[in-house]
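1. make a model of this:
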Amino acid sequence: MSARNRRSTAAVVTAGAAALLALCGAATNAMAAPSSAGGVKGSAAMVAAASSAHTLTVPRGVTISDGTRHVLVNGRSIDFGTVVRDLAWNPSGSKAAFVDGHGNLVVSDPDGSHRVTVAANPGGQTWSHPTWQVTAADRSNQIPAKNNIIFSAKIHGSTVLESVKATSNHGKPAKISLNGEPGEGNVPQTGNTWPNVGGSYGTAVYENTHTGEVYIRDDYLRQQGGALVKGSEPALSPDNEEVVFVRSVHGHDHLFVEDFGGSSSVVKDVTPGATTDYTEPAWSPNGRTIAFRAPSGTYTITKTAHGFGTPVKVSAHTGLPAYRG
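-> Here you go, the predicted model:
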């Protein structure tokens with residue numbers, strides 16, 4: 001069974017289980033410059049960018065991290081008290097995870113206070129793009145609740161995916177097992193980066209820099225996966241039925257969405273008129289809007305009755321966008 005068809009089948013299985021159970025619901029070393037989330041800017045530039053952002057309608061919940069100690073939240077600059085790279089929020093928006101200036105994985109309150117070093121970088125490694133894996137327990141299948149942070153770790157030139165409990169204090173990350181679908185061969189074990197978890201069962205998508213493809217990993221029962229589509233920087237929708245990713249078209253990076261919720265998958269360019277690079281997409285919690293980065297700032301596109309609308313600039317600030325639940 002292909003990865004695409006497996007996703008459709010898994011969605012039916014997990015949705016049925018949920019109904020029965022009523023489940024609730026980036027840099028060359030650890031001290032390197034900020035990752036693709038953006039370069040370090042001076043405080044004066046931050047103030048100017050924040051002021052400019054006020055002239056635009058920043059959607060509620062959108063945050064932008066750019067590798068400085070300031071994070072733009074709803075158009076306001078919040079000083080986290082430490083360098084913030086690749087910030088991501090847990091589903092409730094009560095905690096932020098990011099990589100600090102020492103390359104450590106840190107969790108904090110929404111204003112940067114009460115910081116805890118979940119895992120300390122041992123040195124010689126580059127950690128990037130943390131993502132929260134939060135799921136309820138499935139007692140019928142003896143699967144415990146999960147509250148983990150998955151991230152990319154570049155170790156001695158090889159990039160792998162690792163995981164650590166979000167509640168750890170100087171915990172020890174472990175490499176994530178990646179198993180291919182039976183009959184489809186093995187999935188790459190290195191070159192994996194940009195993980196993103198979506199939905200209530202811990203499913204993750206990620207890119208592989210060697211194959212140039214987006215992969216999916218089902219972390220519900222089978223813990224298997226495979227290639228989905230050619231692209232990079234994927235993000236999985238909250239309902240696990242769509243993945244947005246980046247693909248180059250005529251010299252510019254466009255955003256594509258693959259819908260694999262039906263009997264067959266559909267891949268569509270949702271920014272066909274792009275005349276610049278659109279990168280680093282993130283889904284809103286309700287799955288209706290995608291925020292993304294462009295050289296001139298942060299944009300969003302929203303679902304319509306016929307697909308997606310046109311890009312709308314929501315902030316003059318440039319960095320890694322994320323949604324705070």
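
2. what about stretch 236-248, how long is it end to end?
-> Counting by C-alpha to C-alpha, to the nearest Å, you get 19 Å between the two ends of stretch 236-248.

3. what about it, distance to the chain center?
-> Averaging C-alpha positions (C-alpha atoms, centre = their mean, to the nearest Å) puts stretch 236-248 10 Å from its chain's average.

4. got it, and stretch 285-296?
-> On C-alpha atoms, centre = their mean, the centre of stretch 285-296 falls 12 Å from the chain's centre.

5. what's the answer for stretch 218-238, then?
-> Here stretch 218-238 is found 12 Å from its chain centre; the criterion is C-alpha atoms, centre = their mean.

6. for it, measure first residue to last.
-> Termini of stretch 218-238 sit 14 Å apart (C-alpha to C-alpha).

7. I'd like the average pLDDT over it.
-> Over the span of stretch 218-238, the pLDDT mean works out to 92.

8. any buried residues in it, and which?
-> Along stretch 218-238, these residues count as buried under the neighbour rule (16 or more other C-beta atoms under 10 Å): 218-220, 224-229, 231-238. Placement of C-beta: from N, CA and C, glycine included.

9. just the ones of those in strands?
-> Among the buried residues of stretch 218-238, DSSP state E puts Gln224, Gly225, Gly226, Ala227, Leu228, Val229, Ser232, Glu233, Pro234, Ala235, Leu236 in strands.

10. show me what contacts the fourth one?
-> Same thing as Ala227. Counting by C-beta atoms under 8 Å, 6 or more residues apart in numbering, Ala227 touches Ala3, Val187, Thr211, Glu213, Val214, Tyr215.

11. how far away is it from Ser265?
-> 12 Å (C-beta to C-beta, to the nearest Å).

12. likewise the last one?
-> In this structure, Leu236 and Ser265 are 14 Å apart, going by C-beta to C-beta.

13. now name the helix or strand holding the residue nearest the centre of the chain.
-> Nearest to the mean C-alpha position of the chain, by C-alpha atoms, centre = their mean, lies Asn196 at 3.7 Å. Assessed by DSSP states H and E, Asn196 sits inside strand 192-197.

14. hmm, who's touching that strand?
-> 128-129, 131-133, 150-152, 154, 159-161, 178, 203-209, 215, 232-236.

15. thank you kindly, that will do.
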